[in-house]
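Peer 1: Sequence first, then the predicted structure:
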Amino acid sequence: MPHYPKPFFRKSRQLWYVQLDGRQINLGPDRDAAFAQYRDLMAAPKPAPATAITASAGQPVVILCDKFMDWVERHRSAGTYQWYWWRLQSFARRYPDLTVDELKPFHVQEWVDAQAIAPTTQRNCIRAVKRSLKWAQRQGYIEANPLSEMEAPSPERREVLITDEQYAQLLNAIRDPGFYDLVVTTWETGCRPQESLRVEARHVDVKNQRWVFPKSESKTQQLSRVVYLTDEALAISRRLMVTNPTGPLFRNSRGEAWTNYAIQCAFRRIRARIGKVIIKQEGGQIPDQQITTFASSLKRQRRSGNRMVDTTDRELRIEAKRKLMERQAIQRSPRYSLASERSRRMHEALAEIGPAPKPDAKLVRRYRRNLWLFLTECFPQTLGLSPLSHRGFAKSTIAECASIWAVGFGHRRFFVPLAATRRPFFVAQAGSQLPNAVAGAGFKTLRIPCLQRFTFNM
């Protein structure tokens, strides 16, 4: 039902108040006078919301974007600055003279649609522009945000999984030694892409074969982040510690740190290289009509040194064929990225608990009292708490093993682990009374998703 504001009496101040539009208005101590003033306030027409920008109505949007980027550079990390910079730079190139009062959501939408980018990238571009205008409104540069009601597309789910064969194909197509080291280390460790880009020599713990990011440099800034290294990843890290003792370990051929944009360009070139081989093997060709149509949309001038020269029809067709071939090749090759390069082999190895243990009868009483003993002796290959582990501390695996211990030894009648990336599963004793929400699951033959060969029958 709709809520209507009504006067209320505050005993601590002996005054009547009414709350309108989030603001409490003093109506005085007398009840009759307070209600009379309340009726006048409710009968008065509401002021129209501010829709125009007053102080900076004629100010170009790029000026606000520059002020926002100055603020980001001083108060946010270098990665955040870079994330906003190239998106806002692209928007500024398209609308260099657009003023704030002229800005409408369709300007942003047309800019995004013209780039032919994925839904997630479209969403990020819209977020960047909206964030700069929202910041300008909060700082008082503008009175209203013209993009406040603009919607952004939903992001795509990352379902790309690189197989071992595709990974080997990727390594064969890499020509930059620095990029090769980056890809191999990300695959071997399974670390987050931003961790392999930001790791420095001071983060490498050679003795324990790992990277250690302090709490202030971790993703959540709540706990230190530990990334364990394989022998190959450790060898690469030790070699780069000598060549790059300060600053990021992984750098390009010019000795500069890798940026997100540079990595995207590198993967795009590799995908085009791999796709062209696939097209050549299949005997694919670009139709002449498609080349002619696309050539007519290209600019008829090109820059040669410091001057512009005309482009011949033959040069236009060559350029059109090259670009169409590159687009087709990219579509035919796997969608490589550092995020997809994160090795799932290690994660799956840690998540696979294996068959149900059959401990010695003499150890049952010890296992019942000691969870740590149960884990270390019954599931040693998946515990993940030693420096030989390749991904974190196997938190999900430990939770699953602990649920087996808790229910199997009678400490709990049932156990319901919940996780952000897995379906809920239930571990229960046969015949135990469970909540109605899972009453029809059939507990005598209940199977855990990660334990396809394990069934609880107490």
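Peer 2: Perfect, thanks for sending it.
Peer 1: Tell me where the stretch 1-150 of the chain has strands.
Peer 2: Counting by DSSP state E, counting those that start in this stretch, the stretch 1-150 of the chain has strands at residues 8-10, 15-20, 23-28.
Peer 1: ugh, wrong one, the stretch 151-300 of the chain
Peer 2: Going by DSSP E, counting those that start in this stretch, the stretch 151-300 of the chain shows strands at 204-205, 210-213, 225-228.
Peer 1: contacting residues around the shortest one?
Peer 2: If I follow you right, that is strand 204-205. 211-212, 237-238, 241, 249 (C-beta atoms under 8 Å, 6 or more residues apart in numbering). Using the backbone N, CA and C atoms, a C-beta is placed for each residue, glycine as well.
Peer 1: Would you mark the buried spots in stretch 115-131?
Peer 2: Neighbour-count burial for stretch 115-131 flags 121-126, 128-131 (criterion: 16 or more other C-beta atoms under 10 Å).
Peer 1: Same check on stretch 367-379?
Peer 2: So, applying 16+ other C-beta under 10 Å, buried residues of stretch 367-379: 367, 371, 374-375, 377-379.
Peer 1: And stretch 226-240, by the same measure?
Peer 2: 226-230, 233-234, 236-237, 240.
Peer 1: quick one on the thing from earlier: return the most buried member of the strands of the stretch 1-150 of the chain.
Peer 2: Here the criterion is mean neighbour count by mean count of other C-beta atoms under 10 Å, and of the strands of the stretch 1-150 of the chain the winner is strand 15-20, at a mean of 16.
Peer 1: rewinding a little: residue 406: which of the strands of the stretch 1-150 of the chain is closest?
Peer 2: Among these, the nearest to residue 406 by C-beta to C-beta is strand 15-20 (49.9 Å).
Peer 1: which helices and strands does the closest one pack with?
Peer 2: Packing contacts for strand 15-20, counted by 3 or more C-beta pairs under 8 Å, 6 or more residues apart in numbering; DSSP states H and E, involve strand 8-10, strand 23-28, helix 31-43.
Peer 1: so where's this structure uncertain?
Peer 2: For the chain, the stretches flagged by pLDDT under 70 are 1-3, 22, 46-58, 157-160, 220, 341-363, 379-397, 414-458.
Peer 1: my guess is residue 413 meets residue 406, correct?
Peer 2: No - in this structure residue 413 lies outside contact range of residue 406 using C-beta atoms under 8 Å: 9.5 Å.
Peer 1: Summarise which helices and strands the helix ranked longest in the chain is packed against.
Peer 2: Under DSSP state H, the helix in the chain containing the largest number of residues is helix 260-282. The contact analysis (3+ C-beta pairs under 8 Å, 6+ apart) places helix 260-282 against helix 78-94, helix 164-173, helix 177-189, helix 193-198, helix 313-332.
Peer 1: Export the longest one to PDB, keeping only CA atoms.
Peer 2: It refers to helix 313-332. The C-alpha trace of helix 313-332 is given here as PDB (Å, rounded to 0.1, in the frame of the first residue of the first chain):
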ATOM      1  CA  ASP A 313      41.400   1.600 -55.700                       C
ATOM      2  CA  ARG A 314      43.900  -1.300 -55.700                       C
ATOM      3  CA  GLU A 315      45.300  -0.200 -52.300                       C
ATOM      4  CA  LEU A 316      41.700   0.100 -50.900                       C
ATOM      5  CA  ARG A 317      40.900  -3.500 -52.000                       C
ATOM      6  CA  ILE A 318      44.100  -4.800 -50.500                       C
ATOM      7  CA  GLU A 319      43.400  -3.000 -47.200                       C
ATOM      8  CA  ALA A 320      39.700  -4.300 -47.300                       C
ATOM      9  CA  LYS A 321      40.800  -7.900 -47.900                       C
ATOM     10  CA  ARG A 322      43.400  -7.700 -45.100                       C
ATOM     11  CA  LYS A 323      40.900  -6.400 -42.600                       C
ATOM     12  CA  LEU A 324      38.200  -8.800 -43.500                       C
ATOM     13  CA  MET A 325      40.600 -11.700 -43.400                       C
ATOM     14  CA  GLU A 326      41.700 -10.600 -39.900                       C
ATOM     15  CA  ARG A 327      38.200 -10.300 -38.600                       C
ATOM     16  CA  GLN A 328      37.300 -13.800 -40.000                       C
ATOM     17  CA  ALA A 329      40.500 -15.300 -38.600                       C
ATOM     18  CA  ILE A 330      39.800 -13.900 -35.100                       C
ATOM     19  CA  GLN A 331      36.300 -15.400 -35.100                       C
ATOM     20  CA  ARG A 332      37.700 -18.800 -36.100                       C
END
